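Show me the folded form of this:
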Amino acid sequence: MYAISLGDDGAELRPLEPWHAEEFLAHLDRGRDFIQQFIPFGAKTTDVASAREQLQRYADMRAADTGSLHGLWLNGKLVGGVLFLNFDAESGNCEVGCWLEPAGAGRGLVTRAMRVLIDFAVEQRGIHRIEWVAASGNEPSLNVARRLGMTRDGVRREAHPHRGVRHDLEVWSVLAPEWREARAGGAHNDH
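All right, here's what the predicted structure looks like:
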């Protein structure tokens, strides 16, 4: 369909769709423990049918204009992804998120891909507020929010029960005028 190059290291952002179910399942199996340290993403995806079902839910969200899922490929191999959650063009708000298997970590892939998503949300869809929510212990995720120039709005204390522990969730955001100003000034670093 289409692929957006994220640099000269073989990284691409592409749609992640139901027909990718086998590849998506293999990716989740490679990175399951790493991915699920702080989020349950893919926890119920244990076979090709459930992988297809999860991808179809996001395809339905894209069709309803309420969210979308995008894969990150590195040298032709799916290693993670970024997504829009709670996408509400009418109110001008959305949430973004990500996940990676170990092979994709530490390369700046999420930061680079998220710039593409946020540029699209702000410039093409008129989104005013982009929100990032991550567990307080998830330093790599919080570092992406920082690199994107987001502001820490606050902490939802013990709001996220995961693997028998209640995690604090940090809420970060960037507003469209802030995003445009930072992009114009070249204030974002890749890594």
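
looking at this structure, which helix or strand is least sure?
When each helix and strand of the chain is scored by mean pLDDT, DSSP states H and E, strand 151-162 comes last, with a mean of 87.

any idea what sits nearest Ile118, other than its immediate chain neighbours?
Leaving aside its chain neighbours, Ile118 sits nearest to Ile130 (5.5 Å; criterion: CB to CB, 6 or more residues apart in numbering). Any C-beta I mention is one placed from the backbone N, CA and C, and that applies to glycine too.

and that neighbour, what helix or strand is that in?
strand 129-135 (DSSP states H and E).

Give me the mean pLDDT for whatever helix or strand comes next after that strand.
Downstream of strand 129-135, the next assigned helix or strand under DSSP H and E is helix 139-147. Helix 139-147 shows an average pLDDT of 93 in the prediction.

ok, back up a step: was I right about the residue nearest to Ile118 contacting Cys94?
Yes. Ile130 lies in contact with Cys94 (CB atoms under 8 Å); the separation is 5.8 Å.

secondary structure class for the nearest residue to Ser136 once chain neighbours are set aside?
Of all residues beyond its chain neighbours, the one nearest Ser136 is Asp168 (4.1 Å), with distances taken as CB to CB, 6+ apart. Three-state call for Asp168 (DSSP: H, G, I helix; E, B strand; the rest coil): strand.

tally of neighbours for Leu100?
23 (other CB atoms under 10 Å).

Give me the below-cutoff pLDDT ranges for the protein.
The model of the chain has pLDDT under 70 over residues 1, 186-191.

give me that answer again for 80
Low-confidence segments of the chain (pLDDT under 80): 1, 35-43, 159-163, 185-191.

Common neighbours of Ile130 and Cys94, please.
Residues touching both Ile130 and Cys94 (CB atoms under 8 Å, 6 or more residues apart in numbering): Ala121.

related to what we said a few turns ago, list the residues that contact the residue nearest to Ser136.
Ala135, Ser136, Val155, Arg156, Arg157, Glu158, Ala159, His160.
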